[in-house]
Structures are given as C-alpha cells and as structure tokens.
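Visitor: take a look and give me a structure for this.
(one chain, ligands or ions: 2)
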Amino acid sequence: MIEDKPMPDEMPINDAAVESATVAESIVESPAVLKADQSIQLLVELVKNVNHLLCEFYQDYQQNQVLQISNKADKSPVTEADMAAHHLIEQGLKKINPLIPVLSEESSDYKLRFDWHEFWLVDPLDGTREFINQTGEFTVNIALIHHGVVQLAIIGIPTLKRIYLTRKNQPLYRIDEAGDSLLWQEIQPKPVNLSSWQIAISRRSEWKVYQQFKQVLHDRQQTFDCKNAGSAYKFCLMLEGEIDVYPRFHPTSEWDTAAGQGLLEAIGGGVYDLQGRPFAYNQRHDLLNGHFMAVRQNDFLPSALQVAQETLKALT
Ligand SMILES: Nc1ncnc2c1ncn2[C@@H]1O[C@H](COP(=O)(O)O)[C@@H](OP(=O)(O)O)[C@H]1O
Ligand SMILES: [Mg+2]
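Guide: Numbers count the residues shown, from 1 in each chain. Ligands and ions are numbered 1, 2, ... in the order given. Here you go, the predicted structure:
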C-alpha cells in the first residue's frame, strides 16, 4: 500500500523537483514549461537511454545474428534485450520516485497490484517478434496510471530515435534526437476525412475476423486502405495522422495499450472496448485486454464500432 504519495502530475524526485513540478503544473501549454519539469526531463532521458540500449542489441543482432531468445509460459518470445530494457526502466523509474510501484511485462512481482491506486505500467520492448523478425517496428511503452486512468504516457521508437510524450489534458509532443540535443515539437491533430479510412492491422493477423472486418467495410461502401504494422508502433502512426482506425480482435495485455491510449487521447482519440468505453487499467483480475477499437479522432468511433459489431455478429 502506498501512502503519502505525490499526485501523478508532480512526481517529485527531491525538493528541487517538487518546486519545478509545481510550477510546471500551473502553466502547461508550451514544451518549454513541460521540459522544465525535472521529473519529465528524467523520464525523457530514461526513454532515450532505453531507445539507445535496444538499438545496440538490435544492431548487434542484425550484424551478428546473436540474441538470447527464450519462450515464456504463454509461448511468446522474450529476449535478452527485453530483460535489459526492463531492468533499466525499473531502476530509472525508482530514481524518479521510489514510492511509485512498477508493473512491467517482464516483472514477476505485482501480486499486490490491487493495492496500487497509482503505478507505472510498462512494456519494455513491445513488439518482441518485430525485433526478432527485424521489421524495426518495436517500441518502449510507459504509462503512469492513477485510479485506472492514464495520467502520463510515453512511447519510444528506438529505430527512429524518437519519443512521443503527453501528460493528461496537455498537448502531445514528438521528441527527436538531433545530435546531442532533443528537438521537442507539439503535434497538432491532422484533419479528419471520414469518407476514406486508413486502417492499421497487426502483422500477425491471419485471423478470419480481420477479413470479415474488411468485408463489412466493403458491404457498407466505406472506402479504406489497410496497412500492416507491429506493436504500439501502430499507435505512433495514428499520432502522425497516417492511420485513423486500429481494430483489435486478438489479445493484448494492459501494458500494450496504456501509453498508446494516453497519447491518442491528447489528440482527440482513444482506445475503447467494443461498447465504446475507454479502457481502464488494473481494474480486473486478468491483465489481458478484450477486443478494442483505437481511433485517432473520436469522429471515427461510432461507425468503427458498428463495423466491429457487424463483424463479430457475422462470425457467430
Ligand atoms: N496471444 C496473445 N496473448 C497476449 N498478448 C498477445 C498475444 N498475441 C499478441 N499479443 C500482444 O501483442 C503485442 C504485439 O502486437 P502486434 O501483434 O500488434 O505486433 C505483443 O507484445 P510483446 O511483443 O510486448 O509481447 C503481445 O503483448
Ligand atoms: Mg507488448
């Protein structure tokens, strides 16, 4: 049980950080202000370092084909890169605030999670199969959850040396490495064209259900294009306006979606169950998510949910 903890948008690491976090909290509109928050700086630095670490493993693997890979109990692969990223993130988050617990895909110690009203939800290497298959579409996902809601979201794309970051009710930032410095840019939502949908589908989606989803779109005369992509990289394509709708009918876990959801919400979209409710975290005994519909802008949601319902109905 965590007591006397700071609110999530403060996250002080020490007295100086308390001061800067409080200032940052009151004026939140410009990157200069968000950047001035010491805990945000540390978080961005941490994800930058994890991006670098994963790139080193990735380049080594590409050049020498050397990578320790094993299978988890659920038969999904885990590599030495997943574990190294996990340890680095866990240490880094503890430095930012030792009182906030960490629930990582690779941690074993989260039996007390129902006592946590605030915690970090982490996928240190999302897209392990993409890493192994060398598509480059793997990410680092970190979300701060407060009473089930994403308060702070960050995704790193190691192969692009890029980070996306937001804090609840604040703008979305793209942070690119430019030499030794970091270039922060606020991302404005791209215009919406409801008459033609750009759709993302997982690379591992041979399932009949996605064929049926496309069939329903055809039947409704909805123009669309599909793009296959891996991991939370799909959410990042949505942030850039390249993808509008991401339907998911096969499993994910809570650490796969939390950061992506927080980032999408910053541009007027989100991740919803098929009844249209935003995902909430750490509310159930199972960490597996159900089906979902992710949209980059909520205008897509009503029709996308109808297509999903018709898809499932046609298959029953
Ligand atoms: N059968 C299954 N059960 C649970 N999660 C699954 C799954 N199949 C895929 N996933 C999740 O989907 C993620 C990959 O997404 P995608 O298939 O869209 O690329 C995986 O992330 P990890 O690589 O972190 O394990 C994994 O968490
Ligand atoms: Mg994952």
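
Visitor: what's next to the helix or strand hosting residue 154, contact-wise?
Guide: Per DSSP states H and E: residue 154 is located in strand 149-157. Residues from elsewhere that reach strand 149-157, judged by Cβ atoms under 8 Å, 6 or more residues apart in numbering: 8-9, 11, 43-44, 47-48, 50-51, 139-145, 162-168, 232-233, 235-236, 258-263, 265-266, 280-281. Where C-beta positions appear, they are placed from N, C-alpha and C, glycine not excepted.

Visitor: 7 Å instead?
Guide: By Cβ atoms under 7 Å, 6 or more residues apart in numbering, the residues outside strand 149-157 that reach it are 8-9, 43, 47, 50-51, 139-145, 163-168, 232-233, 235-236, 258-263, 280.

Visitor: ok, which of the residues you listed also contact ligand 2?
Guide: The subset of the contacts of strand 149-157 within reach of ligand 2, by Cβ under 5 Å from the ion, is empty.

Visitor: which SSE is immediately downstream of the strand holding residue 154?
Guide: Trace forward from strand 149-157 with DSSP H and E and the next one is strand 162-167.

Visitor: what's that next one packed up against?
Guide: helix 38-64, strand 149-157, strand 172-178, helix 254-265 (3 or more Cβ pairs under 7 Å, 6 or more residues apart in numbering; DSSP states H and E).

Visitor: now the angle from it to strand 172-178?
Guide: 150 degrees (axes from the mean of the first three to the mean of the last three Cα atoms, to 10 degrees).

Visitor: and for the residue in the chain that ligand 2 sits nearest to, the neighbour number?
Guide: In the chain, the residue that lies nearest ligand 2 is residue 126 (3.6 Å; Cβ to the ion). Applying other Cβ atoms under 10 Å, we find 30 residues neighbouring residue 126.

Visitor: start at 409, not 1
Guide: Okay, using 409 as the starting number, the last item reads as residue 534.

Visitor: where's the residue nearest to it when sequence neighbours are not counted, which helix or strand?
Guide: Leaving aside its chain neighbours, residue 534 sits nearest to residue 639 (4.4 Å; criterion: Cβ to Cβ, 6 or more residues apart in numbering). Residue 639 belongs to no helix or strand when assigned by DSSP H and E.

Visitor: least confident secondary structure element in the chain?
Guide: Every helix and strand in the chain was compared by mean pLDDT, DSSP states H and E; the lowest is helix 423-434, with a mean of 36.

Visitor: what is the subsequent helix or strand relative to that one?
Guide: Going down the chain from helix 423-434, the next helix or strand is helix 439-444, by DSSP H and E.

Visitor: how far off centre is stretch 662-673?
Guide: Relative to its parent chain, stretch 662-673 has a centroid offset of 4 Å by Cα atoms, centre = their mean, to the nearest Å.

Visitor: before we move on, what about stretch 501-516?
Guide: For stretch 501-516, the separation from the chain centroid amounts to 16 Å (computed by Cα atoms, centre = their mean).

Visitor: for that stretch, list every residue counted as buried.
Guide: 501, 504, 505, 508, 509, 510, 511, 512, 513, 514 (16 or more other Cβ atoms under 10 Å).

Visitor: surely the second one touches residue 450?
Guide: When you say that, I think you mean residue 504. Yes: between residue 504 and residue 450 a contact is recorded at 5.1 Å, counting by Cβ atoms under 7 Å.

Visitor: okay but residue 664 is in contact with residue 532, surely?
Guide: No: using Cβ under 7 Å, residue 664 is not in contact with residue 532; the gap is 11.9 Å.

Visitor: who's more crowded, the two?
Guide: The neighbour comparison of residue 664 against residue 532 (other Cβ under 10 Å) goes to residue 532, with 28 against 25.

Visitor: so who does the nearest residue to that one once chain neighbours are set aside touch?
Guide: Nearest non-adjacent residue to residue 532, counting by Cβ to Cβ, 6+ apart: residue 493, 3.7 Å away. Contacts for residue 493 were tallied using Cβ under 7 Å, 6+ apart; they are 458, 461, 462, 532, 533, 548.

Visitor: can you do 10 Å?
Guide: Counting by Cβ atoms under 10 Å, 6 or more residues apart in numbering, residue 493 makes contact with 457-459, 461-462, 465, 487, 512, 514, 530-534, 546, 548, 564, 566.

Visitor: with residue 719 instead?
Guide: Residue 719 neighbours (Cβ under 10 Å, 6+ apart): 616-625, 655, 657, 682, 699.

Visitor: can we see that at 7 Å?
Guide: Contacts of residue 719 (Cβ under 7 Å, 6+ apart): 617, 620, 621, 624.

Visitor: cool, residue 543 as well?
Guide: Residue 543 makes contact with residue 638, according to Cβ under 7 Å, 6+ apart.

Visitor: right, I'll call it a day here.
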